[in-house]
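Novice: model this:
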Amino acid sequence: MKTQNTNRWKWTQRFVATFVVSMLMASLTGQASARILFQDDDFHDIVSEGIMLNSDDGGDEDVTLQFGNDGTDATIIFDDGTGNVTLSTDGGDFSFSDDNITTTGDLSSTDITATGVINFASATRMALPQGATNPGTCTEGDLFYNTTDNTIYSCTASNTWTALSSGNQDFESVYSADADNTLTASGTFDIDATGALGIDSDSTVTVGGAGVSVTSDGGIVALTGDGTNDIDISNAGATIDMDASNVDISTSTWDITSAGVASGFTGLTSTGTVNFSGAGGFRIREDSDPATNAACATVGEIILDTTDNEIQVCTATGGAGAATWTTVSAGDADTLDGLDSLQFLRSDTSDAYTSGTLTFNAGTTLQVDGTLDADGVVNIGDNGDNVTIDSSTWDITGAGAASGFTTIDASGNITTSGGDFVIGTTGLTETNGAGDNGATLIGVDQTEFDNSSSTNVQDVLDDFDSFVGSNAPNVDELTFEPEYPDAVIYQDGTNNKGKLVSEYDSTNLRQYYRWDTKKKTAQDIDIRFRHELPADFDDAGNLTVRYRTNTTNSADNSVAVTVRNDTDNTTCHADPAAAGAAANTWGTLTITGAEIDTGCSGASLLAANDIIEVIMKLASDDTNSGFADVGELVFDYTN
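Specialist: Numbers count the residues shown, from 1 in each chain. Here you go, the predicted structure:
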């Protein structure tokens, strides 16, 4: 209802509006709902401390405040710019339905709920709920900013806060939040560090992609290990390219392991040892004509002349055709200059040193690990030096005579085979006659003997033997029967429970000792006796002990014999414990004279009037009714 804007009309409108409001408030008292309708194109002032809209129906109906009733926007302005306007409820909520809520200022609320989209895209900032400590309760999906540790927390379960971030982020927090723990870049991914960039891993570090590049802006790209574990750079089935003016590897040992060929090196420099001992093959630079085609940058470079199959060394640098290449094999024994193949010793069986004199200067050692053969005369020494031959066996084989010796000094035997060893004009002849025992015959002057006319020592001795009797040694024996003379029973202090008795075997007519026990574990006892060797004793023979066990298992029953030289406090021999070869059958245990002489040799060799001690250890258990018997003891000796 637009008309001319006159003061009268304005005041009329104001009056009507006030009147309508008053009437509405009066007439709506006790009705089901309360409404105020503002519909005009101009502002009207209603001055009041407060306006209350109430349906006064006990809460059965809502109170509705509607602005506008046509298709154009309705604008609500709270305050005139001099203060804040606060919308509050007495314990309830503000609900906005339909369309959007737009504000150009700040929006503060204790609780905002929306079933649509909350859009803060144009806001200059958004402040989350915050405080020095996390709230004690929360609903899943809540957010809270902790001002103490500068961390955003998310409520991931009822009353459970989980940190989303912190003021100073690190890789560990990002890594733990990443589902597959993998950094994936669809395009180029650069790591640009002005300082040092370190990757520390206790396991394997893998960098993969169509092209992986590690670039330094003038500094050093370093792969540094912990000094214990290996650093492996591998690319199975493909190539690892190192494209740089210099690739420096500083290590005490650099191991390049390749099933194929490590190739493409334009230079390889090392201040230590380059070890190719485990390589299956090693190839060097090659050229068909190094003198013409090969340049040399450093003295000492090597190259293979594929035409002559020679290795050449660079002795003067220069370009192709200007460098000096020298064949390695050139030279003689002193100067390696002009050596001919016939002038050098070789190992091929078809080679021969055919002429001239081969001279070894003072201090030179000729070591022959095989056989040294000479078809002609071998002159050793220069009439002023000694010739020493250090060998367990030195075999001089010659169709003629070894002559010219002025002195022969040997700490071992000098033997001949099939010939004479001549000293002066008297021959030393080997004989293998039955009565001579392989003696060497030394010539004698038979005119000096009254009882022999023989011409050598062995035959003279044979003549003398016919006067004095047989030269065979006399063998005697000492025999002891239980109970042995001066025998004692000795317990070693461990597992000695049992019974030792002396018995007589009427079937085999033998005296014997028997040891048995009722224990299920092995028990043992020692029978020890000592005897002084006779005055005519010369050498020990065999010592034999008759014995018998109930089973053939040494775990059930056994006998062990030990012989000692008590005079020199030496054990001559100790036989291990043994059971009988047949159950409950007499057998013999024998310690040979050679075994006794081996254990008691030198200063402890048994001699006349020495005290010999024989120790017999009998052992048995009752598991299989074991017992151990010992009887007659015989000790042979020569006099």
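
Novice: from here on, contacts and neighbour counts on C-alpha atoms
Specialist: OK.

Novice: list phi and psi for A291.
Specialist: Dihedral pair for A291: phi -60, psi -30, per degrees, to the nearest 10.

Novice: leaving out chain neighbours, which residue sits closest to it?
Specialist: G321 (5.6 Å; C-alpha to C-alpha, 6 or more residues apart in numbering).

Novice: then A323?
Specialist: T317 (4.9 Å).

Novice: and that neighbour, what pLDDT?
Specialist: pLDDT, T317: 94.

Novice: wait, it touches E301, no?
Specialist: No: between T317 and E301 there is no contact under C-alpha atoms under 8 Å: 9.3 Å.

Novice: that older thread, and the residue nearest to A291, how far is that from D289?
Specialist: In this view, G321 and D289 are 10 Å apart by C-alpha to C-alpha, to the nearest Å.

Novice: ok, the closest residue to W515 other than its chain neighbours - contacts?
Specialist: Among residues not flanking W515 along the chain, L500 sits closest, at 4.6 Å (C-alpha to C-alpha, 6+ apart). With contacts defined as C-alpha atoms under 8 Å, 6 or more residues apart in numbering, L500 is in contact with Y513, R514, W515, D516.

Novice: helices of the protein, start to end?
Specialist: Along the chain, counting by DSSP state H, helices occupy 7-27, 171-177, 290-293, 457-468, 593-599.

Novice: least confident of those, on average?
Specialist: helix 7-27 (a mean of 55).

Novice: what stretches of the stretch 51-200 of the chain score poorly on pLDDT?
Specialist: 51-111, 114, 165-179, 185-189, 192-198, 200 (pLDDT under 70).

Novice: count of neighbours near G318?
Specialist: 16 (other C-alpha atoms under 10 Å).

Novice: shouldn't it be in contact with N293?
Specialist: No: taking contacts as C-alpha under 8 Å, G318 lies outside contact range of N293: 11.1 Å.

Novice: L589: what's it in contact with?
Specialist: Counted by C-alpha under 8 Å, 6+ apart, L589 has contacts T544, V545, R546, Y547.

Novice: now do the closest residue to E532 other than its chain neighbours against R528, distance only.
Specialist: Spatial nearest neighbour of E532, excluding adjacent residues (C-alpha to C-alpha, 6+ apart): I611 at 4.5 Å. Using C-alpha to C-alpha, we find I611 at a distance of 13 Å from R528.

Novice: again, but for S452
Specialist: 53 Å.

Novice: so which of these two has more stuff around it?
Specialist: R528 (19 against 15).

Novice: can you give me the distance of that one to N609?
Specialist: The spacing between R528 and N609, counted by C-alpha to C-alpha, is 19 Å.

Novice: show me where the stretch 401-550 of the chain has strands.
Specialist: Here the stretch 401-550 of the chain has its strands, by DSSP state E, counting those that start in this stretch, at 420-423, 426-430, 440-442, 475-480, 487-490, 499-505, 510-516, 523-532, 539-549.

Novice: which one of the ones you listed has the lowest average pLDDT?
Specialist: strand 426-430 (a mean of 51).

Novice: circling back to that earlier point, ok, the residue nearest to E532 - how many residues close by?
Specialist: The tally of other residues near I611 (other C-alpha under 10 Å) stands at 18.

Novice: find the nearest non-adjacent residue to V561, please.
Specialist: Distances taken as C-alpha to C-alpha, 6+ apart place M616 nearest to V561, at 4.7 Å, with adjacent residues excluded.

Novice: quickly list what that neighbour is bridged to.
Specialist: I527, V561 (DSSP bridges).

Novice: could I get the contacting residues of it?
Specialist: D526, I527, R528, V559, A560, V561, T562.

Novice: swap in 10 Å and give it another go.
Specialist: With contact set as C-alpha atoms under 10 Å, 6 or more residues apart in numbering, M616 has these partners: 489, 525-529, 545, 559-563, 574-575, 577, 630.

Novice: need the pLDDT of it.
Specialist: M616 is given a pLDDT of 95.

Novice: state the distance from it to Q511.
Specialist: M616 is 16 Å from Q511, by C-alpha to C-alpha.

Novice: from V328, how far out is the residue nearest to A291?
Specialist: Distance from G321 to V328, by C-alpha to C-alpha: 19 Å.

Novice: how about L533: what's its closest non-neighbour residue?
Specialist: Among residues not flanking L533 along the chain, N609 sits closest, at 4.7 Å (C-alpha to C-alpha, 6+ apart).

Novice: the one you found and R530 touch, don't they?
Specialist: No: using C-alpha atoms under 10 Å, N609 is not in contact with R530; the gap is 11.9 Å.

Novice: surely K497 meets D622?
Specialist: No: with contact defined as C-alpha under 10 Å, K497 does not reach D622; the gap is 11.5 Å.

Novice: any residues in contact with both of those two?
Specialist: Here K497 and D622 share the contacting residues D516, T517, K518, K519, T521, A522, Q523, scored by C-alpha under 10 Å, 6+ apart.

Novice: of those, buried ones?
Specialist: Using 16 or more other C-alpha atoms under 10 Å as the burial test, the shared contacts of K497 and D622 include D516, T517, K518, A522, Q523 as buried.

Novice: what about the residue nearest to the fourth one when sequence neighbours are not counted, distance to T494?
Specialist: Which is A522. With C-alpha to C-alpha, 6+ apart as the criterion, A522 has its nearest non-adjacent residue at 4.5 Å, and that residue is D621. Using C-alpha to C-alpha, one gets 14 Å for the distance from D621 to T494.

Novice: which residues touch N569?
Specialist: C600, S604, I611, I612.

Novice: quick one: which two of those are the most distant?
Specialist: Checked with C-alpha to C-alpha, the contacts of N569 reach their widest spread between C600 and I611, with 12.7 Å between them.

Novice: could you list the buried residues of stretch 282-299?
Specialist: Buried residues in stretch 282-299, counted by 16+ other C-alpha under 10 Å: E286, P290, A291, A294, A295, C296.

Novice: that one: end-to-end distance?
Specialist: From start residue to end residue, stretch 282-299 stretches across 21 Å - C-alpha to C-alpha.

Novice: what of stretch 190-199?
Specialist: First residue to last in stretch 190-199 (C-alpha to C-alpha) measures 15 Å.

Novice: one step back: out of the buried ones among the shared contacts of K497 and D622, who's nearest I191?
Specialist: Nearest to I191 among the buried ones among the shared contacts of K497 and D622 is A522, at 79.3 Å by C-alpha to C-alpha.

Novice: list the contacts for that closest one?
Specialist: Applying C-alpha under 10 Å, 6+ apart, the residues near A522 are 495-498, 516, 555-558, 619-623, 626.

Novice: if we use 8 Å, what do you get?
Specialist: Contacts of A522 (C-alpha under 8 Å, 6+ apart): N495, A555, D556, N557, A619, S620, D621.

Novice: T115: which of those is nearest?
Specialist: Nearest to T115 out of the contacts of A522 is A555 (C-alpha to C-alpha; 93.9 Å).

Novice: next up, phi/psi of the closest one, please.
Specialist: Torsion angles at A555 (phi, psi; degrees, to the nearest 10) stand at phi -70, psi -20.

Novice: isn't W586 right next to T551, touching?
Specialist: No: in this structure, W586 is not within contact of T551 by C-alpha under 8 Å, at 11.7 Å.

Novice: which one's more surrounded, those two?
Specialist: Using other C-alpha under 10 Å as the criterion, W586 and T551 rank with T551 on top: 23 against 17.

Novice: rewinding a little: quick one: closest of the strands of the stretch 401-550 of the chain to N181.
Specialist: When the strands of the stretch 401-550 of the chain are ranked by proximity to N181 (C-alpha to C-alpha), strand 523-532 comes first, at 71.0 Å.
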